[in-house]
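Q: Predicted coordinates and the sequence they were generated for:
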Amino acid sequence: MTITPKVRLKRAGSPLSQRVLQIPPSGIRKFFDLMASIEGVISLGVGEPDFVTPWRLREAAIYSLEQGYTMYTSNYGIPELREELARHLARRYGVEYDPEQELLITVGVSEALDLALRATIDPGDEVIGPDLGYVAYQADVILSGGVYVPVPATAENEFKIMASDVEARITERTKAILIGYPSNPTGAVMTRPELAQVAEVARKHDLLVLSDEIYDRLVYGIEHTCFPSLPGMKERTILLGGFSKAYAMTGWRVGYAAAPAEIIEAMMKVHQYTIMCAPIMSQMAALEALKAGEASVQEMVAEYDRRRRIMVKGLNEIGLQCHEPKGAFYAFPSIKSTGLSSEEFAERLLREEKVVVVHGNTFGERGEGYVRCCYATSLEEIEEALQRMGRFVNRYQKAGT
């Protein structure tokens, strides 16, 4: 007879990690659970391209399977992909990386961010990041043992952080600055002079910079500045990027980190014990994306730009003031004129007009009074969604007068 010993907890209360308990559940999840039970819904919620991955990229993955490429790769990623990525970054942004020591292929940029924080942050270290920003920023800092220190990115500043606000939050515990431009959720893009001011703060206070540039190719009428291309910044920047957005490869889960060799080596240690490597067939598709995907990128960017202009114009016309986003594929209109909170607006819009948007406070406290609308969906659905939203806004604005 086998006796199973009782599990004894070291302390009373929850068996869960305190770090996990600090992280709230996704504010988006309940809306998508609700959406699944309602017919005829138009979603402006998911931050995912509606384009299918270009055929040449899919074909490269299929061919790799036919050739029997179903094994592990190097923890760093296949050498050919790292070499092509190094050429891509040098050609596009003038930043030179050693493909053997300064590049790491990851399971999406989400893993790259997690690795970067776990490899550099000690318990109690502070990381300054945007409020508003991508939902994983604060959660990943907490999971790394760090403390997230929000810096305002408000409509008054076109949803950009200000270098002076960053510097005002620096303490003896500050280890890094985390930025993400073009921005999810606002579509804001920081100019080279604005980023140079942040770079000067980082240099002055000897801080790391984690720069999430997953939307680098999705910019409209403005040039993207790759943060490590700024003078003196390559040595103190962890560049995070990937293939999900520009190449419509979200489900392939392949991203990368570029950083000084010492940091990449530390990130690889975590990567090798948790993930091992990105899937080889995804890496082969990413390689083909860098070699032959540019025409498809340009076509998708042009279409996003067309949708962007229609979305922003339509939101303003129905009475939701909306700043013009210059990047990514999101609009971030104010819904304050309706008198509803962000969560009330999103839930009632879904129930009453069957349109999904994401309530703004999901992305930080300063998102209250806003919602995120993703225009990575068909123009037909965008136009129908705007009509439904117009009816909804008109009802609540009239009720509030």
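A: Structure's in. What do you need?

Q: Would you mark the buried spots in the helix or strand hosting Gly390?
A: Element membership for Gly390 (DSSP states H and E) is helix 379-400. Going by neighbour count (16 or more other C-beta atoms under 10 Å), the buried part of helix 379-400 is 381-382, 385-386, 388-390, 392-393, 396. C-beta here means a position set from N, CA and C on the backbone, and glycine is covered the same way.

Q: and what of stretch 261-272?
A: 263-264, 266-268, 270-271.

Q: picking up where we left off before, quick one: which of the buried residues of helix 379-400 is nearest to Lys313?
A: Lowest distance from Lys313 to the buried residues of helix 379-400 (C-beta to C-beta) belongs to Leu386, with 9.1 Å.

Q: element containing the residue lying closest to the closest one once chain neighbours are set aside?
A: Spatial nearest neighbour of Leu386, chain neighbours left out: Gly314 (3.9 Å); criterion: C-beta to C-beta, 6 or more residues apart in numbering. If you go by DSSP H and E, Gly314 is part of helix 294-317.

Q: Now do that helix: everything it contacts.
A: Contact with helix 294-317 is made by 49, 51, 54, 56, 187, 217-220, 246-248, 321-322, 324-325, 329, 331, 333, 373, 375-377, 379, 382-383, 386, 389-390, as judged by C-beta atoms under 8 Å, 6 or more residues apart in numbering.

Q: the inter-axis angle of it versus helix 379-400?
A: Counting by axes from the mean of the first three to the mean of the last three C-alpha atoms, to 10 degrees, helix 294-317 lies at 20 degrees to helix 379-400.

Q: For helix 294-317, the averaged confidence score.
A: The pLDDT scores in helix 294-317 average 97.

Q: That one: what's the following helix or strand?
A: By DSSP H and E, the next helix or strand past helix 294-317 is strand 330-331.

Q: Which elements pack onto that next one?
A: Strand 330-331 sits against helix 294-317, strand 371-374, with contacts defined as 3 or more C-beta pairs under 8 Å, 6 or more residues apart in numbering; DSSP states H and E.

Q: what residues does the last one touch?
A: If I follow you right, that is strand 371-374. Residues from elsewhere that reach strand 371-374, judged by C-beta under 8 Å, 6+ apart: 43-48, 185-186, 311, 315, 329-333, 335, 342, 345-346, 357-360, 362-363, 385.

Q: now, which of the residues you listed lie within strands?
A: 43, 330-331, 358-359 (DSSP state E).

Q: And these, which is closest to Gly367?
A: Using C-beta to C-beta, these come closest to Gly367 at His359, 7.5 Å.

Q: Counting neighbours, what do you get for the closest one?
A: Neighbour count for His359, taken as other C-beta atoms under 10 Å: 25.

Q: and the gap between it and Gln321?
A: Between His359 and Gln321 the distance is 17 Å, computed by C-beta to C-beta, to the nearest Å.

Q: quick one: which of the buried residues of stretch 261-272 is nearest Tyr97?
A: Ile264 (9.3 Å).

Q: pretty sure Leu132 is in contact with Ser183, am I right?
A: Yes. Applying C-beta atoms under 8 Å as the test, Leu132 and Ser183 come out as touching, 7.3 Å apart.

Q: okay, and the common contacts of these two?
A: Common neighbours of Leu132 and Ser183 (C-beta under 8 Å, 6+ apart) are 153, 159.

Q: coming back round to it: and the furthest pair within the buried residues of helix 379-400?
A: Using C-beta to C-beta, the pair of these lying farthest apart is Glu381 and Tyr396, separated by 22.4 Å.

Q: can you pull out the strands in the stretch 101-250 of the chain?
A: Listed in chain order, the strands found in the stretch 101-250 of the chain under DSSP state E, counting those that start in this stretch are 103-106, 126-131, 147-152, 174-180, 208-212, 237-242.

Q: Mind checking the pLDDT average for the helix holding Gly390?
A: In this model, helix 379-400 has an average pLDDT of 90.

Q: i'd like the first residue to be 537 from this point on
A: Sure, I'll start numbering at 537, so the last one becomes helix 915-936.

Q: roughly how far out does it sit from the chain middle?
A: 28 Å (C-alpha atoms, centre = their mean, to the nearest Å).

Q: what's in contact with that helix?
A: Helix 915-936 is contacted from outside by 578, 580, 842-843, 846-847, 850-851, 853-856, 871, 873-876, 884-885, 888-891, 909, 911, using C-beta under 8 Å, 6+ apart.

Q: can you check stretch 586-605 too?
A: 783-785, 788, 816-818, 820-825, 828-829, 832, 836, 912-914.

Q: same thing but 6 Å
A: Under the contact criterion C-beta atoms under 6 Å, 6 or more residues apart in numbering, stretch 586-605 has outside partners 784-785, 816-817, 820-821, 824-825, 828, 832, 836, 912-913.

Q: Among those residues, the buried ones, what's the PyMOL command?
A: The PyMOL command for the buried members of the contacts of stretch 586-605 (criterion: 16+ other C-beta under 10 Å) is given here:
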select buried, resi 784+785+816+817+820+821+824+825+832+836+912+913
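
Q: quick one: which of the contacts of stretch 586-605 is nearest Thr656?
A: Taking those together and measuring to Thr656 by C-beta to C-beta, the closest member is Met785, at 27.0 Å.

Q: I'd guessed Ala814 sits against Ile641; true?
A: Yes. Using C-beta atoms under 6 Å, Ala814 makes contact with Ile641 at a distance of 5.1 Å.

Q: Would you check that my belief about Ala675 contacting Ile559 is correct?
A: Yes. Contact criterion C-beta under 6 Å: Ala675 and Ile559 qualify, at 4.8 Å.

Q: Which residue of those two possesses the greater neighbour count?
A: Ala675 (18 against 14).

Q: Number of residues surrounding Ser780?
A: Using other C-beta under 10 Å, Ser780 has 22 neighbouring residues.
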